[in-house]
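In: One predicted model, sequence on top.
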Amino acid sequence: MIRSKIIILLGFGSILVLVTMLIIVGVTNLNKSKLRLDKVVNQNNLKLQLVNQMRSAARERTISLQQMLIVDGEVGFENARTRMALYGGQFALSRSKFMVLELSPKEKEMMSNQAQLTKDVGPVQNEIADLVDFGEYKHALQLLVTKAIPLQDKVFGIFLQLQEIQRLETKKAIMENSENYKQIVGVMWIVSAVVIVICISIVFFTLRLIAKNERQQEAYRSDIERQAFYDHLTGLPNRRLLNDRIKHAIEKTERNEKLLAILFIDCDRFKPINDTLGHIVGDGLLVSIANRLKESVRSSDTVCRVSGDEFGIVLEDVDHISVVDRIAQNIIDSISAPHFIDGHKVFSTVSIGITIFPIDYNDVGGLLTSADIAMYHVKKNGGNHYEYYSTEMNLHSTQRLQLELDLHEALTKKQFEIFYQPLNAIDAERNVIGVEALLRWNHPRIGMIPPVDFIGIAEDTGLIVSIGEWVLMEACKQTKEWESQGLGEIAISVNLSPRQFMDSNLISFVENALNVSGLNPDQLDLEITESTAMQSIGKSIEILHKLKKLGVHISIDDFGTGYSSLSYLQQMPIDNLKIDRSFIKNLHHSAKDKAFVQAIVSMAHTLGMKTIAEGVELEEQFLFLKDIDCTVAQGFLFSKPVPPNQIKSLL
Ligand code: C2E
Ligand code: MG
Ligand code: MG
């Protein structure tokens, strides 16, 4: 805009300067030309006037001479002679006036001829006058006719020529003036043409600039619109646009009496992938998922990125639910095929919650919430699956909401209890070498709630930090209590959730629990899951080293279910690997699980870590673990988690 303003200003400025210069030059030239013309015309008029005066004086003098010949008497003669002298004087006066004027060489030449002739005629006229005076009329007449009049005629001829010259000069001056005028007008035309060209150029450039400006503004507008309604990573519509599309789809579906399906899709375990392989791979995976989702639906259907790793799909004009089943299954199959991103082969699965209009809800909010609830349900059941929304699910989610409210008061109302489950050495004696603290919630209405039903809520709400702090303190104090009861120095394992592990006060909590309880740090074992350790590898290593400095032990819980690899764990100061229950469950009859557990145990030993098998229920399982040199076993084979007062008998 500033550029176009400058161009317009410069353009009109230069036009102003040009026009002003043109007027000044033109007017000055016209003035000069007019002055010159005036001068020439005035001078020539004066000359003409003087020549006329000379002519009439000469004529009058000749007439006076003729009168002398025809008048009678002394008085008449004297009168004529006086007039002759008078006109002679007049002639001389006019001539002298003429001669002081600016004369051309031609005029000068003619005036010198005239002078010669006048010089010749003067004495003749005087002689005629003398002859008349002496009464010699005849001789005088003869002299007049033969000499004076012809000479006088020659003088008149010169005067006529002079007058002709002056007329021509005047004409020439007028012509020159008009020529000058034409030139000035010509220049004016040229300048006007230049001005017009400049004006047209200004208009042209200004219009072009305005058009460019408008295009830019349009581009900005559509850019802003894109940012407001589209996700910049995947190029898909965002949540705002999703709401809008659902609204329109509802109206359309009401008219055509078909079905409308909303699919809420969440990537399973996206966070560990993002944390382990980095954001470039994480972003690449989201783009790849977005593309596969688009490929799985018709072009008329809408695929949106709702947030982070959540997507939404609006399926319109659905004739039958089986169509939705087919599309959902297609999506699950398509996403679970490997993704090749930045040189990595990445595997991902999705959880899909589906809601149907007009069966489940009639409004955008209801449809989105119900699809989300269904998706959450799938997630809870392990993911990589799709489910339709049902009212029972909603009941579940309201229950969850109620639990969340109750959980806020559970700690202050002392509703938590800690159960302990022994860890037994895998050897002949099978001695209890430690216990794991496992939290229980003694809900006043529901009864005893297992941790799987509330740890997630506590984690989401952040309550886990204060709950965890309490568990740690209680467990340390309890262990010290058993010690004081003479039960020996047993180890105590305490679970840390991801949020607790990343909490900035973790180190001081642990230090405080050790100080307050007086427990030997060597007796405390902190358990974190693989995914907790892999959340942010650099940060995890730093925290683990700080914990190790306090003298406590570190175990990786539920090993084998997460996304980690031993090469990452190798960089961390880890003491124990707790092999997840799912690998122990079928250990007695699954060759695959046997091979897997054996590999973990031997690799862990190579890395200097002890192995603890979780969920050991059967003697065969125990014996196999003993065969492969697994260090510790935990499971119902020895004891379920029990209240603290029952531990004494187990020890
Ligand atoms: P975990 O740390 O892996 O604990 C072991 C779980 O396996 C316990 O479930 C225990 O009861 C169960 N278990 C042990 N042996 C057997 C067996 O032989 N068969 C079967 N079927 N199960 C067995 P629990 O007590 O329900 O705890 C579940 C999870 O909740 C724990 O898994 C842990 O991740 C979490 N958790 C428990 N207490 C706390 C806590 O204080 N803080 C945090 N952050 N998480 C906790
Ligand atoms: Mg544990
Ligand atoms: Mg475990």
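Out: Now that the structure is in, tell me what you want to look at. Ligands and ions are numbered 1, 2, ... in the order given.
In: Please work out which residue of the stretch 101-250 of the chain is closest to ligand 3.
Out: The nearest approach of the stretch 101-250 of the chain to ligand 3 comes at L233, 35.3 Å away (CB to the ion). To be clear about C-beta, it is placed using only N, CA and C from the backbone, and glycine gets the same treatment.
In: Could you verify that that residue is part of a strand?
Out: No. Under DSSP: H, G, I helix; E, B strand; the rest coil, L233 falls outside any strand and is assigned coil.
In: which ones are touching it?
Out: Counting by CB atoms under 8 Å, 6 or more residues apart in numbering, L233 touches D283, L286, V287, R305.
In: at 6 Å instead, please
Out: Shown in contact with L233 (CB atoms under 6 Å, 6 or more residues apart in numbering): D283.
In: Make 16 the starting number, not 1.
Out: All right, first residue 16 from here; so that's L248.
In: Check the gap between it and G297 for me.
Out: Separation of L248 from G297 (CB to CB, to the nearest Å): 10 Å.
In: Repeat that for R74.
Out: Separation of R74 from G297 (CB to CB) stands at 125 Å.
In: So the two - more neighbours on which side?
Out: The neighbour comparison of R74 against G297 (other CB atoms under 10 Å) goes to G297, with 21 against 16.
In: So for the more buried one, what's the pLDDT?
Out: Looking at G297, its pLDDT is 94.
In: Tell me the spacing between it and I288.
Out: From G297 to I288 the distance is 6 Å (CB to CB).
In: Then N44?
Out: From N44 to I288 the distance is 87 Å (CB to CB).
In: list the buried ones in stretch 625-634?
Out: Buried positions in stretch 625-634, judged by neighbour count with 16 or more other CB atoms under 10 Å: K625, T626, I627, A628, E629, G630, V631, E632.
In: helix, strand or coil for the second one?
Out: Taking three-state DSSP as the rule, one finds T626 in the strand state.
In: what's the pLDDT at it?
Out: The model's pLDDT for T626 equals 97.
In: and it, what are its bridge partners?
Out: With DSSP bridges as the criterion, T626 is bridged to L592.
In: Please report phi then psi for the residue lying closest to D537 once chain neighbours are set aside.
Out: Spatial nearest neighbour of D537, excluding adjacent residues (CB to CB, 6 or more residues apart in numbering): G566 at 5.8 Å. Main-chain dihedrals, G566, degrees, to the nearest 10: phi 100, psi 10.
In: Touching, G566 and P536? I think so.
Out: Yes. At 3.3 Å, G566 counts as touching P536 under the criterion of CB atoms under 6 Å.
In: Who has more neighbours out of these two?
Out: P536 (17 against 12).
In: That one: what's it in contact with?
Out: Contacts of P536 by CB under 6 Å, 6+ apart are L529, L565, G566, V567.
In: out of N44 and I288, which sits in the busier spot?
Out: Between N44 and I288, I288 has the larger neighbour count (other CB under 10 Å), namely 23 against 15.
In: Look up how far ligand 1 lies from that one.
Out: According to CB to the nearest ligand atom, to the nearest Å, I288 and ligand 1 sit 21 Å apart.
In: That residue and L175: what is the separation?
Out: 122 Å.
In: Same question for L33.
Out: From L33 across to L175, the span is 52 Å (CB to CB).
In: Tell me which of these two has more neighbours.
Out: Between L33 and L175, L33 has the larger neighbour count (other CB under 10 Å), namely 15 against 12.
In: does the more buried one count as helix, strand or coil?
Out: The three-state assignment at L33 reads helix, by three-state DSSP.
In: which secondary structure elements does the longest strand along the chain contact?
Out: The single longest strand within the chain, with elements called by DSSP state E, is strand 447-458. In terms of contacts (3 or more CB pairs under 6 Å, 6 or more residues apart in numbering; DSSP states H and E), strand 447-458 is packed against strand 431-440, strand 462-464, strand 506-510.
In: Which one, of these, ends up nearest to ligand 1?
Out: strand 506-510 (3.6 Å; CB to the nearest ligand atom).
In: Check the model's average confidence along that closest one for me.
Out: On average, strand 506-510 scores 98.
In: That one pairs with which strands, and in what direction?
Out: strand 447-458 (parallel), strand 539-544 (parallel).
In: buried stuff in stretch 66-82?
Out: Under the neighbour-count criterion of 16+ other CB under 10 Å, stretch 66-82 has 66, 68-77, 79-80, 82 buried.
In: Would you reformat the residues you listed as JSON lines and include pLDDT, distance to ligand 1 and secondary structure?
Out: Listed next are the buried residues of stretch 66-82 as JSON lines, based on pLDDT from 0 to 100; distance: CB to the nearest ligand atom, whole Å; DSSP: H, G, I helix; E, B strand; the rest coil:
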{"residue": "V66", "pLDDT": "88", "distance to ligand 1": "134", "secondary structure": "helix"}
{"residue": "Q68", "pLDDT": "90", "distance to ligand 1": "137", "secondary structure": "helix"}
{"residue": "M69", "pLDDT": "89", "distance to ligand 1": "139", "secondary structure": "helix"}
{"residue": "R70", "pLDDT": "87", "distance to ligand 1": "140", "secondary structure": "helix"}
{"residue": "S71", "pLDDT": "89", "distance to ligand 1": "141", "secondary structure": "helix"}
{"residue": "A72", "pLDDT": "88", "distance to ligand 1": "143", "secondary structure": "helix"}
{"residue": "A73", "pLDDT": "86", "distance to ligand 1": "145", "secondary structure": "helix"}
{"residue": "R74", "pLDDT": "87", "distance to ligand 1": "146", "secondary structure": "helix"}
{"residue": "E75", "pLDDT": "88", "distance to ligand 1": "147", "secondary structure": "helix"}
{"residue": "R76", "pLDDT": "84", "distance to ligand 1": "149", "secondary structure": "helix"}
{"residue": "T77", "pLDDT": "83", "distance to ligand 1": "151", "secondary structure": "helix"}
{"residue": "S79", "pLDDT": "85", "distance to ligand 1": "153", "secondary structure": "helix"}
{"residue": "L80", "pLDDT": "80", "distance to ligand 1": "155", "secondary structure": "helix"}
{"residue": "Q82", "pLDDT": "82", "distance to ligand 1": "157", "secondary structure": "helix"}
